[in-house]
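Q: Sequence and predicted structure are below.
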Amino acid sequence: MHFKTIAALFAAAASASPVRRSTCTEDTGNTNFGPFGIMALRSASPIHFAQAGAAQNGLYLNLPEQNATCTGDGPSPPGAIFTLVDGKLYLYAEPEPYQQIFVDRSGMGQGILGYITGDQGTPRYAELEGWELDANDNLSFKGAGLIACPNSLDGAWKIWASVGINKPAGQEGCLGFSPRAIELTEPKSCEYTQYGV
């Protein structure tokens with residue numbers, strides 16, 4: 001894949017380059033990396049090359065507007081910025097990340113992804129640790145990939161962890177994809193929106 005195409009996707013947010021090769025092997029993943037954006041790879045689909053965005057406590061592909069509050073001059077980044085620390089995934093912020101990604105793989109959660117802010121409590125069956133990058137720089141949670149389902153917030157595709165359910169919450173048209181991590185060299189610190197805020 002030509003990374004000039006990728007760079008164009010992230011140009012409004014930061015300078016982009018291929019993720020540097022991690023030291024992970026096929027048996028052990030990289031659990032520390034960042035800051036980075038996530039680009040979906042699913043050829044011949046509406047989500048191919050889509051950026052992952054964050055809004056209203058969820059993660060999405062093809063989200064028209066995040067409405068994030070970011071530091072610095074210029075426009076807010078078009079996609080969310082992440083950091084991976086000891087197997088925990090955060091939305092990037094300085095001086096420290098305080099919005100953390102969770103996964104609910106229970107029968108009720110069906111793989112839903114969300115994020116909590118600060119010391120906000122997690123949902124009952126939420127899991128926080130288990131994220132890693134594989135040797136191809138694809139993000140996974142405890143070895144499981146991600147899927148996206150259409151017709152969500154502002155027409156975006158909602159991101160879920162794959163738990164063997166093709167239609168989480170009964171949604172139709174869901175697609176698995178490779179969430180490729182793209183290193184960002186000039187990230188912006190942002191706070192992403194929550195329900196009712």
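A: Arrived safely.
Q: Settle this for me: Gln56 is touching Ser152, isn't it.
A: No - the pair Gln56 / Ser152 is not scored as a contact, 9.8 Å apart, by Cβ atoms under 8 Å. Just so you know, the C-beta spots here come from the backbone N, C-alpha and C atoms, and that holds for glycine as well.
Q: Next, count neighbours for Asn67.
A: Other residues near Asn67 come to 13 when the count uses other Cβ atoms under 10 Å.
Q: what pLDDT does it get?
A: Looking at Asn67, its pLDDT reads 93.
Q: Skipping adjacent residues, who's closest to it in space?
A: Thr193 (5.3 Å; Cβ to Cβ, 6 or more residues apart in numbering).
Q: Now do the contacts for the one you found.
A: Residues near Thr193 by Cβ atoms under 8 Å, 6 or more residues apart in numbering: 55-57, 66-68.
Q: right, and Ser45 touches Gly176 too?
A: No - assessed by Cβ under 8 Å, Ser45 is found out of contact with Gly176, at 9.9 Å.
Q: which residues in the protein form helices?
A: 3-10 (DSSP state H).
Q: low pLDDT regions in this protein?
A: Within the chain, the stretches with pLDDT under 70 are 1-28, 196-197.
Q: burial measure for Asp154, as a count.
A: 12.
Q: For Asn57, see how far away the residue nearest to Asn67 is.
A: 8 Å (Cβ to Cβ, to the nearest Å).
Q: now swap in Gly79 and tell me
A: Distance from Gly79 to Asn57, by Cβ to Cβ: 17 Å.
Q: Next: Tyr92.
A: Taking Cβ to Cβ, one finds Tyr92 at 17 Å from Asn57.
Q: Could you do Gln100 as well?
A: Distance from Gln100 to Asn57, by Cβ to Cβ: 11 Å.
Q: Tell me how many other residues crowd Thr185.
A: 9.
Q: cool, Pro168 as well?
A: Neighbour number of Pro168 under other Cβ under 10 Å is 18.
Q: With Glu191 instead?
A: 16.
Q: same deal with Gly155?
A: Gly155 has 11 nearby residues by other Cβ under 10 Å.
Q: Farthest from the middle of the chain: give me that residue.
A: Asp73 (23.7 Å; Cα atoms, centre = their mean).
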